[in-house]
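Q: pasting the sequence and the predicted coordinates here, then a few questions.
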Amino acid sequence: MRVSSLIGHKIKTRKKFDDLAELLTSSFLVETSFFDNDGYKGLIKLSIEKSVENNLEALLKELMQRSGIQPIELPTLQPYNIFETTDRIEKFGREFVSTTDDRVVFPTSEEPIINYLGRFANLSYRELPMLVYQFKNFFRATTPKALIRLQEFKVLDIYSLNETEDSLRETIKTIIEPMFFQLWERLNLKTIQLKKDENYIDIKVKTAEGNDTIPKTGERCLGIGVIMNLGNNYSKKFGLGVADSSNNLVYPYLGSYAIGIERLIYAMVDQGRTKSKGVNTIKWPEGIEPVTYYVIKIGESNYGEKIYKELISRNKRVLLDDSKDTLGTKFARAYAIGAPYIISAGPKEESRKIVGIEESYTGERWEIEFDKLLCM
């Protein structure tokens, strides 16, 4: 990517970055061109955000694979009547987005997953427990509020189907909870687990923009995930019966586990915002940052272009600042998006066959030979 062709005018046209510290995180993400408003009620994900989202999804897929959870993808348009089966239309139908042919634009997954498994999967007790996941955009006709409440939002959507409730609780205890804990640790996130009852765990982060409060303390918080034991009512209502080892008909228990992708990115930025040498930056979890190397082209030298192309050829995540802005603006821009390594490349560096590197998280600077940079 190049700054000159980057989609997102705010990060390209901003000359001063000192005021970013005063912004709430949702506004910060718009001002640094992670997102932009669509002029109506939605947000547009720009290339900087999509890079973070792709890196995050790669990590999540790796976690799913290690946990033995298989990928699926349900259709976005679902039959209206499957939500009538569970009285969901009566309770929440005003939030559903419907089409003219008795279908609903994907609002939630419980009914679609049970409808599929009950009608087509021909399950045997030998296949249980079964765990599946998908990355899916959900649609709700709610009043939007920045990144806190969206009408269209992306979810890591995980489900388990177990023969008994004891088996479901064991799945939650031995697979889901450890996997979530590993994720929060890997992302350096401080989370709070609020247990509403024995079947519902709400996972939240503290934030000034939260849409909820923590009991007793009253601190504002934002939900980023849930762990739910939904029992076997869904199986019963959809007639999803399975013959057990004694040939008795049982109705499997459904577990639902979800993480909001946009909210997770918000939480990482909200907790990762900091200052290095007085400059606003984001300290990303390793490997999640939008770009690893931010190459600053100095003067009319093509040295920065050469470094950019060499790093790209080695599959590195790189952004080349080829703008006509001052050196100070270029560095501030690199810090603002949280690029870990900022590379200075001009005629002086080229004459010595070195590059200057500044680590944004520490402010530490050093020089390195060009060839050694390519091996980093």
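A: Looks like it arrived, so ask away.

Q: the nearest residue to residue 198 once chain neighbours are set aside bridge partners, please.
A: Taking CB to CB, 6 or more residues apart in numbering as the measure, residue 198 lies nearest to residue 229, with 7.6 Å between them; neighbours along the chain are not counted. For every residue, glycine as well, the C-beta is placed using N, CA and C. Bridge pairing for residue 229 (DSSP bridges) gives the partners residue 255.

Q: burial count for residue 229?
A: Counted with other CB atoms under 10 Å, residues neighbouring residue 229 total 20.

Q: count the neighbours of residue 125 for me.
A: 16.

Q: ok, now residue 179?
A: Based on other CB under 10 Å, the number of other residues close to residue 179 is 17.

Q: next up, the contacts around it.
A: 63, 67 (CB atoms under 8 Å, 6 or more residues apart in numbering).

Q: name the helix or strand for it, please.
A: Residue 179 is located in helix 177-186, with elements delineated by DSSP states H and E.

Q: residue 216 now?
A: Assignment of secondary structure by DSSP H and E places residue 216 within no helix or strand.

Q: repeat that for residue 262.
A: With the criterion set as DSSP H and E, the secondary-structure element containing residue 262 is helix 261-272.

Q: what is the subsequent helix or strand relative to that helix?
A: Towards the C-terminus, the helix or strand next in line after helix 261-272, according to DSSP H and E, is strand 273-276.

Q: what's next to that following strand, contact-wise?
A: The contact list for strand 273-276 (CB under 8 Å, 6+ apart) reads 21, 25, 28, 280-283, 335, 360-363.

Q: how is the chain divided into domains?
A: 27-271, 291-373 (automatic domain parsing).

Q: now do the longest one: distance from first to last residue.
A: It refers to domain 27-271. Length of domain 27-271, first residue to last, CA to CA, to the nearest Å: 15 Å.

Q: roughly how far out does it sit from the chain middle?
A: Between the centre of domain 27-271 and the centre of its chain there are 12 Å (CA atoms, centre = their mean, to the nearest Å).

Q: before we move on, what about stretch 351-363?
A: Averaged C-alpha coordinates place stretch 351-363 at 30 Å from its chain's average position (CA atoms, centre = their mean).

Q: show me what it is in contact with.
A: For stretch 351-363, using CB under 8 Å, 6+ apart, the contacting residues are 274, 276-277, 279, 281, 283, 307, 331, 334-335, 338-345, 349, 364-370, 373.

Q: next step: those restricted to strands.
A: Counting by DSSP state E, the contacts of stretch 351-363 place 274, 276, 279, 281, 341-345, 365-369 in strands.

Q: just the buried members of these?
A: For the ones in strands among the contacts of stretch 351-363, a neighbour count by 16 or more other CB atoms under 10 Å gives the buried set as 276, 279, 281, 341-345.

Q: pipe these into a markdown table and attach distance to residue 64 and pLDDT per row.
A: Rendered in a markdown table, the data for these read as follows (distance: CB to CB, whole Å; pLDDT from 0 to 100):
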| residue | distance to residue 64 | pLDDT |
| --- | --- | --- |
| 276 | 34 | 80 |
| 279 | 37 | 83 |
| 281 | 31 | 92 |
| 341 | 30 | 96 |
| 342 | 34 | 96 |
| 343 | 34 | 95 |
| 344 | 40 | 93 |
| 345 | 39 | 90 |
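
Q: out of those residues, who's nearest residue 51?
A: residue 341 (15.2 Å; CB to CB).

Q: distance of the closest one from residue 293?
A: When CB to CB, to the nearest Å is applied, the distance between residue 341 and residue 293 equals 5 Å.

Q: just give me the neighbour total for residue 62.
A: Per other CB under 10 Å, the neighbour tally for residue 62 reads 11.

Q: partner residues bridging residue 200?
A: The bridge-partner assignment for residue 200, based on DSSP bridges, gives residue 197, residue 228.

Q: likewise residue 153?
A: residue 138.

Q: now residue 243
A: Beta bridges link residue 243 to residue 249 when assigned by DSSP bridges.

Q: what sits against it?
A: Residue 243 makes contact with 124-125, 249-250, according to CB under 8 Å, 6+ apart.

Q: any of these buried? List them.
A: Under a neighbour-count criterion of 16+ other CB under 10 Å, the subset of those counted as buried comprises 125, 250.

Q: from the contacts of residue 243, which single one is nearest residue 201?
A: residue 250 (25.2 Å).

Q: could you measure the spatially closest residue to that closest one that is not a sequence neighbour against residue 125, distance?
A: Residue nearest to residue 250 in three dimensions, not counting chain neighbours: residue 244, with 5.0 Å by CB to CB, 6+ apart. Between residue 244 and residue 125 the distance is 5 Å, computed by CB to CB.

Q: next: residue 214.
A: When CB to CB is applied, the distance between residue 214 and residue 125 equals 41 Å.

Q: do the same with residue 283
A: For residue 283, the distance to residue 125 under the criterion CB to CB works out to 48 Å.

Q: check residue 63 too.
A: When CB to CB is applied, the distance between residue 63 and residue 125 equals 27 Å.
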